[in-house]
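Participant: need a 3D model of the sequence below.
(chains A and B, ligands or ions: 2)
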Amino acid sequence: MTRRILIGLAVLFAALVIVLPVAAIVSRAFADGAGAWWAAVSEPETLQAVRLTVITALIVLPLNIVFGLCAAWAIARFRFPGRRALLILIEIPFAVSPIIAGLCFLLVYGAYGPIGGALQPWGVQLMFNLTGIVLVSLFVTCPFVVREVLPVLSVTGEDEEKAALTLGASGWQIFRFVTFPNITWAMVYGAILATARAIGEFGAVAVVSGAIRGQTMTLPLQIELLYNDYNTTGAFAAATLLTALALVTLVLRGLIAAIHPARGATP
Amino acid sequence: MTLDIASISKSYEGTPVLRDVSLTIADGEFVALLGPSGSGKTTLLNVISGLVTPDEGRLTLDGTDITATPAGERRFGMVFQSYALFRHMTVAQNVAFGLRVRTGRDRTSRKSRDARVEELLALIEMESFGDRYPAQLSGGQQQRVAMARALAIDPRLLLLDEPFSALDAQVRQSLRGSVRELQQRVGIASILVTHDQAEAFAVADRVVLMRDGRIEQVGTASDLRERPTTDFVRDFLAS
Ligand SMILES: Nc1ncnc2c1ncn2[C@@H]1O[C@H](COP(=O)(O)OP(=O)(O)OP(=O)(O)O)[C@@H](O)[C@H]1O
Ligand SMILES: [Mg+2]
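Facilitator: Numbers count the residues shown, from 1 in each chain, chains lettered A, B, ... in the order given. Ligands and ions are numbered 1, 2, ... in the order given. From the prediction side, this is the model:
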């Protein structure tokens, strides 16, 4: 009985919080027919927003993976001064409101900030363009991979790494053949969460993008713009694209789980 | 291969864990490091394997100073208490690992690796288990695979850290015998860490009794039992 109630509650919750809103987006987007939806999503501005969002996500993804793996390995395997500080530092992007993060980046990397100002004479501009968007996206997403990989790394594999070392493996070989296979799944999971977040990020990007129409608008910014312009169909049509991107990351996750079974491993 | 351990000391955060440890292990000899928990047995073994750097002292192998030689270049086979098998590799891949990671002049062909793996699996009587994963093996089988993996690199010295402690008493007894037999057959000098004196006396030519990072007494079973040099040795063996 308790079990049924619990399952019922979970399903109800999922329906109210996830399924209904998504369904509402889709139904509103197609309210004026598929033709109107197609016209809305093929607007040059909307397409540009999709392109910018995807490019940002593709740049941020590998950087996130490299940073996440390095940081997690350093924290899990070495004792060094500043290790605790690094652990706390990594959590900061989760604790800080994205809009504040955006403002901080503007202060430091903007034309009047210490770094942005120093680069200004060289004609290098960091804010209000792709660079700025990538920088803040990196900031808001950098904890994901570390947070997924670190716990796995902390509980597994240290002895395996030592064994590999005594068997003559180099540092790279140890990582490639021993450590990496143990953390692949956690890394992929973290990377997918990070990508989903990068795609959907609004607040921080809104501050540093400069909101130049047709140039520095990411998909979430474009959706808000359309909505504020009373272009409801356009806004919801664009929203279906964003939702579809999110679904792609979910499907990817499922696919990877299918082709990367934990062969006889005990997690 | 004669290993000479000379005046090794090691501290962690100011706490001495090994104090002026000296010991010589003769060619083909089987030595057991025995002592209560925290006496520094694992640390000494790790110093020998190169996983831990000593603060002071020297390690010499056949007259060559290896104190600063990295673990991977010492070619010492090590069997860990947890076995530390590579969980995502098959038994055969585990055993072949030490050969597979060789580069340059030492590179091995796939064929010679396969042959060597077959030979080792036969040695541990697990010929038909090559395709299994570690999680599909019993504790005793995992232990034997760990042994075969360590032997695959033709080690100059075999280091065993409580290799039987995770096994039940019966398996432990039989494995004890087979490890000793393997060691004799391969003719390799070996060091076994244990806190079980029955185990130490059953397999080792000489037993090194440790206490608080020092060697209390070294000798054969009868030396230690009949001529304990300190009260600690007598009490430890009586317990
Ligand atoms: N990495 C380390 N950092 C700090 N202290 C350590 C470290 N490794 C070992 N020690 C300390 O050194 C002492 C000896 O440890 P060691 O593992 O060598 O003991 P042992 O004889 O193997 O004990 P056991 O039978 O319990 O395995 C212990 O007091 C332990 O707390
Ligand atoms: Mg120990």
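Participant: how close does residue A:103 get to residue A:254?
Facilitator: Distance, residue A:103 to residue A:254, using Cβ to Cβ, to the nearest Å: 37 Å. C-betas here are computed from N, CA, C, even on glycine.
Participant: the two: who's more crowded?
Facilitator: residue A:103 (16 against 8; other Cβ atoms under 10 Å in any protein chain shown).
Participant: next SSE after the one helix or strand that one maps to?
Facilitator: Residue A:103 belongs to helix A:98-109 when assigned by DSSP states H and E. Downstream of helix A:98-109, the first helix or strand assigned by DSSP H and E is helix A:114-119.
Participant: tell me the first helix or strand C-terminal of that following helix.
Facilitator: helix A:130-141.
Participant: can you list contacts of that next one?
Facilitator: Outside of helix A:130-141, the residues within contact range by Cβ atoms under 8 Å, 6 or more residues apart in numbering or on different chains are A:52, A:55-57, A:59-60, A:63-64, A:93, A:98, A:101-102, A:105, A:109, A:125-126, A:194-195, A:197-198, A:201, A:204-205, A:207-210, A:216, A:218.
Participant: please spell out the ChimeraX selection for the buried subset of the residues you listed.
Facilitator: Applying 16 or more other Cβ atoms under 10 Å in any protein chain shown to the contacts of helix A:130-141, the buried members can be selected in ChimeraX as follows:
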select /A:52,56,57,59,60,64,93,98,101,102,105,109,126,194,195,197,198,201,204,205,207,208,209,216,218
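Participant: per-residue pLDDT of the residue lying closest to residue A:197 once chain neighbours are set aside, please?
Facilitator: The spatially closest residue to residue A:197, leaving aside those adjacent along the chain, is residue A:141, at 5.1 Å (Cβ to Cβ, 6 or more residues apart in numbering or on different chains). With respect to pLDDT, residue A:141 scores 94.
Participant: which positions in the longest helix seen in chain B come out as buried?
Facilitator: Assignment by DSSP state H gives helix B:169-186 as the longest helix of chain B. Residues B:171, B:172, B:175, B:176, B:178, B:179, B:180, B:182, B:183 are the ones in helix B:169-186 that count as buried (16+ other Cβ under 10 Å).
Participant: tell me the first helix or strand C-terminal of the helix or strand of chain B with the lowest mean pLDDT.
Facilitator: In chain B, no helix or strand scores lower on mean pLDDT, DSSP states H and E than helix B:169-186, which sits at a mean of 85. Using DSSP H and E, the helix or strand that directly follows helix B:169-186 along the chain is strand B:190-194.
Participant: list the buried residues of whichever helix or strand comes after that following strand.
Facilitator: Counting by DSSP H and E, the element after strand B:190-194 in chain order, helix or strand, is helix B:197-203. Using 16+ other Cβ under 10 Å as the test for burial, helix B:197-203 gives B:197, B:199, B:200, B:201, B:203.
Participant: what would the residues you listed look like in TSV with distance to residue B:233?
Facilitator: Formatted as TSV, those follow (distance: Cβ to Cβ, whole Å):
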residue	distance to residue B:233
B:197	11
B:199	17
B:200	13
B:201	13
B:203	19
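Participant: look up how far residue A:65 lies from residue A:180.
Facilitator: With distances taken as Cβ to Cβ, residue A:180 is found 11 Å from residue A:65.
Participant: neighbour-wise, which of these two wins?
Facilitator: The neighbour comparison of residue A:180 against residue A:65 (other Cβ under 10 Å) goes to residue A:65, with 18 against 14.
Participant: quick check: which element contains the more buried one?
Facilitator: helix A:44-77.
Participant: output the contacting helices and strands for that helix.
Facilitator: helix A:83-95, helix A:130-141, helix A:143-155, helix A:158-166, helix A:180-200, helix A:219-228, helix A:232-259 (3 or more Cβ pairs under 8 Å, 6 or more residues apart in numbering or on different chains; DSSP states H and E).
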